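Participant: okay, here's the prediction I keep looking at, along with the sequence it came from:
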Amino acid sequence: MLGRSQCPAIVTSALLTTSAFILGAAENPLADPRPKMMLGVKIYETKREAADLFREWQELGLNTVVASASLNRDPAFREQAKRTGIARFVIVPVFYDPDALKADPDLFAVTAHGERAREEWVEFACPSREEFRRRKIEWIKSLVREADPDGLSIDFIRHFVFWEKVYPDRKPETIPSTCFDASCVRSFQKATGVKLPGDLRTPPQIAAYVTANHLGAWAKWKCDLIAGMIRDIAREARTIKPTLLINVHAVPWRRTDFGGGIRTIVGQDFSQIAPHVDYIAPMTYAHMVKQPPAWVHAVVEDIADVARRPVIPSIQVGKAYLETPLSVEEFSQSLKEALAPPSGGVVFWAWQAFEEEPEKKAAVQRVLKGPKWSP
């Protein structure tokens, strides 16, 4: 089994509640190697020695690290994960690929307004380009060969949306929708049998017609495209390492949020995704999107209701996008909500924020070891 067995008291107390999800392993021919409760942290870069980092993660009771490709390529980082028994996931971004888009701007997804799918730093490739999809899968396979991670953490596996700045009062019709380039329009018609009128020439014309007349088919096609890419990544990566665990990052929208936007805009249907993965990890950054801590638990419940997989919410540690600080109290409450059944654990985003606000490390220890969570 991957991960340390010396987990905090909360792991034992929540174990029975999550067992139904744990038993539903993804299509993996070998014995289920997953930690019974994932307690993890995301990290993208660091100047600290690997031994110091892993020692501190052990002291916090963490059993999983979700790290960038560059850190996973570092021999010292890999050795410390092996020595401590901390499961090591590598983050693999899919349709967010600034280098590929810079080299070939024609790869951009196209919005309903006929614009490139780009907002601030978020820019997305068209999700139906077969050559791009093949190259991405080959890159992931080479990374698995080189870094030999315990798992993949698949990021940006969705259609374009800058969800980090979509707040509760947003009208769904104001959220950009993609993709309406020639590749996606052809793919949609071929997959669904929908024949678009010949006088529709521009993305805005096509988007208006599809939304008004074939929204259900459009949403299903979008979800099929994403679930199919997840399926292909998992299948091909496991030809390199059959025991590889698969985690997918999820936009933290419930089924009824933004007019069903998790399917019609994002293209993530968790009932379709679940058979191909071991974990679903909604990025429940409550403070960022102006939601109360209790919302974290609500998102977990909503996904768990349709996906027979462990749901591992990610919660934010420091402030992001908003100037309002994220207090220790609010962070602690979000952590408690994240760990409430049927959660399968928690992942902290991200380690750098702990380094900047060490008082939140102490908050983690208080919550995990507190009497409320004793078995």
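Facilitator: Sure, I can see it. Numbers count the residues shown, from 1 in each chain.
Participant: which residues of this structure fall in strands?
Facilitator: All strands of the chain, identified by DSSP state E, fall at 38-43, 64-67, 87-93, 118-119, 122-123, 151-155, 245-250, 279-282, 314-316, 345-349.
Participant: what about the residue nearest to Arg158 when sequence neighbours are not counted, distance to Ala117?
Facilitator: Residue nearest to Arg158 in three dimensions, not counting chain neighbours: Val266, with 5.0 Å by Cβ to Cβ, 6 or more residues apart in numbering. Quick note: C-beta positions are derived from backbone N, CA and C, even for glycine. Distance of Val266 to Ala117, computed by Cβ to Cβ, to the nearest Å: 13 Å.
Participant: I'd guessed Ala338 sits against Val346; true?
Facilitator: Yes - in this structure, Ala338 is within contact of Val346 by Cβ atoms under 8 Å, at 4.4 Å.
Participant: just name the most buried of the strands of the chain.
Facilitator: Across those, the average number of neighbours (mean count of other Cβ atoms under 10 Å) peaks for strand 64-67, which reaches a mean of 30.
Participant: using CSV, write out every CA atom in stretch 236-248.
Facilitator: This file holds the C-alpha atoms of stretch 236-248, laid out as CSV (Å, rounded to 0.1, in the frame of the first residue of the first chain):
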residue,chain,number,x,y,z
GLU,A,236,-1.8,4.5,-22.2
ALA,A,237,0.0,5.6,-19.1
ARG,A,238,-0.7,2.2,-17.5
THR,A,239,1.0,0.5,-20.4
ILE,A,240,4.1,2.0,-18.9
LYS,A,241,3.2,1.3,-15.2
PRO,A,242,0.2,-0.9,-14.6
THR,A,243,-0.1,0.1,-10.9
LEU,A,244,-0.3,3.9,-11.7
LEU,A,245,-3.0,5.7,-9.8
ILE,A,246,-5.1,8.3,-11.6
ASN,A,247,-6.4,11.5,-10.0
VAL,A,248,-8.4,14.1,-11.9
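Participant: I'd like the strands of the chain laid out as TSV, including distance to Leu200.
Facilitator: Converted to TSV, those look like this (distance: least, Cβ to Cβ, whole Å):
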stretch	distance to Leu200
strand 38-43	43
strand 64-67	43
strand 87-93	33
strand 118-119	24
strand 122-123	26
strand 151-155	34
strand 245-250	33
strand 279-282	36
strand 314-316	40
strand 345-349	41
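Participant: what ranges do the helices span in the stretch 51-200 of the chain?
Facilitator: Using DSSP state H, counting those that start in this stretch, the helices found in the stretch 51-200 of the chain span residues 69-72, 75-84, 98-103, 130-147, 182-192.
Participant: and the ones you listed: which comes nearest Ser334?
Facilitator: helix 69-72 (25.3 Å; Cβ to Cβ).
Participant: does anything pack onto that closest one? Which helices or strands?
Facilitator: Secondary-structure packing of helix 69-72 (3 or more Cβ pairs under 8 Å, 6 or more residues apart in numbering; DSSP states H and E): strand 87-93, helix 130-147.
Participant: ok, and the closest non-adjacent residue to Arg135?
Facilitator: Nearest non-adjacent residue to Arg135, counting by Cβ to Cβ, 6+ apart: Ala100, 8.0 Å away.
Participant: check the gap between the one you found and Arg78 for me.
Facilitator: Look at Ala100 and Arg78: by Cβ to Cβ, they are 27 Å apart.
Participant: ditto for Glu323
Facilitator: Distance from Glu323 to Arg78, counting by Cβ to Cβ: 38 Å.
Participant: those two: who's more crowded?
Facilitator: Using other Cβ atoms under 10 Å as the criterion, Glu323 and Arg78 rank with Arg78 on top: 18 against 5.
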